[in-house]
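Trainee: coordinates only, no sequence provided:
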């Protein structure tokens with residue numbers, strides 16, 4: 001049974017195109033961020049003096065996205081979201097891997113991110129890719145909403 005489910009997810013996953021966001025898709029990404037997070041990380045990052053890129057998982061529509069940014073202080077995965085109907089198919093995992101690959105191409109061997117301490121699925125994905133918890137940040141997402149700062153270091 002597990003094998004069949006895995007195969008079904010793999011077949012569906014084979015139809016995903018990972019690419020950079022087009023400028024005409026900014027509003028769609030911001031709407032998806034608001035749906036998932038209740039705010040737009042893209043807007044917050046657009047005000048910072050950093051380089052940024054949005055990668056999307058395209059299945060004929062945007063199924064997910066990852067926002068990365070970087071400057072002289074480091075490379076960061078600022079946000080990652082997958083539409084509910086596409087979760088559990090490996091799209092988020094693949095977006096994270098592609099962000100790490102992109103960081104390496106840019107000359108960074110370390111990638112940082114913050115994740116809600118209650119988001120067990122995301123934490124597990126990050127750990128499986130090679131991230132480790134560096135510290136706990138109290139009240140990062142508001143009063144009583146803590147985050148883990150996680151780091152990936154290429155060996």
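Mentor: Sure thing, it's come through. What you see is a predicted model; the values in this text were computed from it and never measured.
Trainee: which SS state does residue 144 fall under?
Mentor: coil (DSSP: H, G, I helix; E, B strand; the rest coil).
Trainee: which parts of the protein are strands?
Mentor: For the chain, the strands defined by DSSP state E occupy 17-20, 51-58, 62-71, 74-82, 110-116, 132-137, 147-153.
Trainee: could those go into TSV alongside distance to residue 33, mean neighbour count and mean pLDDT?
Mentor: Where C-beta positions appear, they are placed from N, C-alpha and C, glycine not excepted. Output for those, formatted as TSV (distance: least, Cβ to Cβ, whole Å; neighbours: other Cβ atoms under 10 Å; pLDDT from 0 to 100):
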stretch	distance to residue 33	mean neighbour count	mean pLDDT
strand 17-20	17	12	92
strand 51-58	10	19	93
strand 62-71	8	22	95
strand 74-82	6	22	95
strand 110-116	15	20	97
strand 132-137	20	12	97
strand 147-153	17	18	97
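Trainee: now render those strands as CSV, adding distance to residue 29.
Mentor: Listed next are the strands of the chain as CSV, based on distance: least, Cβ to Cβ, whole Å:
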stretch, distance to residue 29
strand 17-20, 11
strand 51-58, 6
strand 62-71, 5
strand 74-82, 9
strand 110-116, 18
strand 132-137, 25
strand 147-153, 22
